[in-house]
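Novice: Mind looking at a prediction? Sequence and model below.
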Amino acid sequence: MIMRIIFIRHAEPDYSIDSLTSRGVDEAYALNKRILKWDKDYDYYCSPQGRAILTCEIGLTDTDKEAEIMTWLKEFDVPVKDCNGTSRIPWDFMPACWTGDEKMLSFDKWMESDIMKTGDVASEYARVTSELDALLAKYGYVRDGRIYRVEEHSDQTIVLFCHMGITFMLLGHLLNISPVSLIHGMCMLPCSLTVLQTEERQPEIASFRTTVVGDITHLHEAGLTPSSMGYFGKVFNG
């Protein structure tokens with residue numbers, strides 16, 4: 001049996017009102033057409049923030065499914081001080097800033113870097129990853145060090161409507177990779193899907209493997225031009 005996790009980043013946001021732009025609404029309806037083709041037995045969970053909730057509500061239109069709100073799926077917006085002392089969320093750093101610190105590149109030590117220690121990153125990361133592990137344990141996959149013990153096999157797919165930052169933090173935990181490297185090395189545009197599935201190379205020992213990152217096939221099929229939100233270059237260039 002193979003268990004899957006599908007992370008869905010909310011559609012194009014209007015951060016000023018924690019909702020979606022008109023284009024974001026169109027993206028969510030394109031997502032809905034994709035979801036309508038899925039197995040009806042998927043389990044859905046959603047961030048408590050408005051932009052994720054609206055994406056989820058539109059995405060699940062005409063299905064008989066509802067998403068359970070999980071407060072820990074809200075955006076990972078713990079402020080830190082970057083190399084220049086500027087307060088920012090703990091992932092949008094200049095390349096010379098994060099690549100110059102070896103701890104940032106380490107799964108075991110990234111939270112101990114000087115930058116991350118300027119905020120409550122370690123405690124919040126521990127909290128959200130423990131919540132994810134508690135959810136996975138309900139499906140029979142129990143975290144044990146860096147792997148998951150399979151106490152009960154499941155072929156369930158769970159879908160998490162959330163945000164880019166929290167997704168990368170949870171991916172880092174599942175893949176045993178510094179989320180800093182993932183955040184700066186991958187891009188998840190609004191309304192994109194990222195998929196992981198369990199793999200057992202040894203009996204009763206599972207690890208998660210990524211099969212898709214940032215897929216927006218449904219947007220292309222709907223004739224929508226992908227949003228540029230998610231490209232850090234635009235942020236730093238104003």
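Specialist: Yep, it's here.
Novice: Neighbours of Leu224, how many?
Specialist: 17 (other Cβ atoms under 10 Å). Glycine gets a C-beta too; all of them are placed from N, C-alpha and C.
Novice: Pop out the phi and psi values for it.
Specialist: phi -100, psi 140 (degrees, to the nearest 10).
Novice: Surely it touches Asp26?
Specialist: Yes - the criterion here is Cβ atoms under 8 Å, and Leu224 meets it with Asp26 at 6.1 Å.
Novice: Pull the residues that contact the biggest helix by length in the chain.
Specialist: Looking across the chain with DSSP state H, the single longest helix is helix 121-138. Helix 121-138 has contacts (Cβ atoms under 8 Å, 6 or more residues apart in numbering) with 45, 70, 72-73, 76, 78, 80, 90, 111-112, 116, 142-143, 148, 151, 158, 166, 169-170, 173-174.
Novice: Distance check, the residue positioned nearest the centre of the chain against Glu199.
Specialist: Of all residues in the chain, the one closest to the mean position by Cα atoms, centre = their mean is Thr167, 1.6 Å from it. Distance, Thr167 to Glu199, by Cβ to Cβ, to the nearest Å: 20 Å.
Novice: Using the three-state scheme, assign Gln197.
Specialist: Using DSSP: H, G, I helix; E, B strand; the rest coil, the structure places Gln197 in strand.
Novice: Can you report how many residues neighbour it?
Specialist: Around Gln197 there are 16 residues (other Cβ under 10 Å).
Novice: Would you check how far apart it and Pro179 are?
Specialist: Using Cβ to Cβ, we find Gln197 at a distance of 20 Å from Pro179.
Novice: what residues are up against the residue of the chain positioned farthest from its centre?
Specialist: Most distant from the centre of the chain: Pro203, at 28.0 Å, with distances by Cα atoms, centre = their mean. The contact partners of Pro203, taken as Cβ under 8 Å, 6+ apart, number zero.
Novice: just the helices in the protein please.
Specialist: Under DSSP H, the chain gives helices at 22-35, 50-59, 95-99, 121-138, 164-175, 179-185, 217-221, 232-236.
Novice: can I get those in a markdown table with distance to Asp41?
Specialist: Formatted as a markdown table, these follow (distance: least, Cβ to Cβ, whole Å):
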| stretch | distance to Asp41 |
| --- | --- |
| helix 22-35 | 13 |
| helix 50-59 | 16 |
| helix 95-99 | 41 |
| helix 121-138 | 15 |
| helix 164-175 | 22 |
| helix 179-185 | 29 |
| helix 217-221 | 20 |
| helix 232-236 | 37 |
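Novice: nearest to Leu105, of the ones you listed?
Specialist: In terms of Cβ to Cβ, the element of the helices of the chain nearest to Leu105 is helix 179-185, at 5.9 Å.
Novice: can you list the residues that contact the closest one?
Specialist: By Cβ under 8 Å, 6+ apart, helix 179-185 touches 91, 93, 95, 98, 104-105, 110, 165, 168-169, 171-173, 175, 232.
Novice: residues of it that come out buried?
Specialist: Buried positions in helix 179-185, judged by neighbour count with 16 or more other Cβ atoms under 10 Å: 179-184.
Novice: Quick check: the two most widely separated of the residues you listed?
Specialist: Pro179 and His184 (9.6 Å).
Novice: Would you mind measuring from Val78 to Thr21?
Specialist: Relative to Thr21, and taking Cβ to Cβ, Val78 is found at 26 Å.
Novice: Quick check: which ranges of this structure have low pLDDT?
Specialist: 230-238 (pLDDT under 70).
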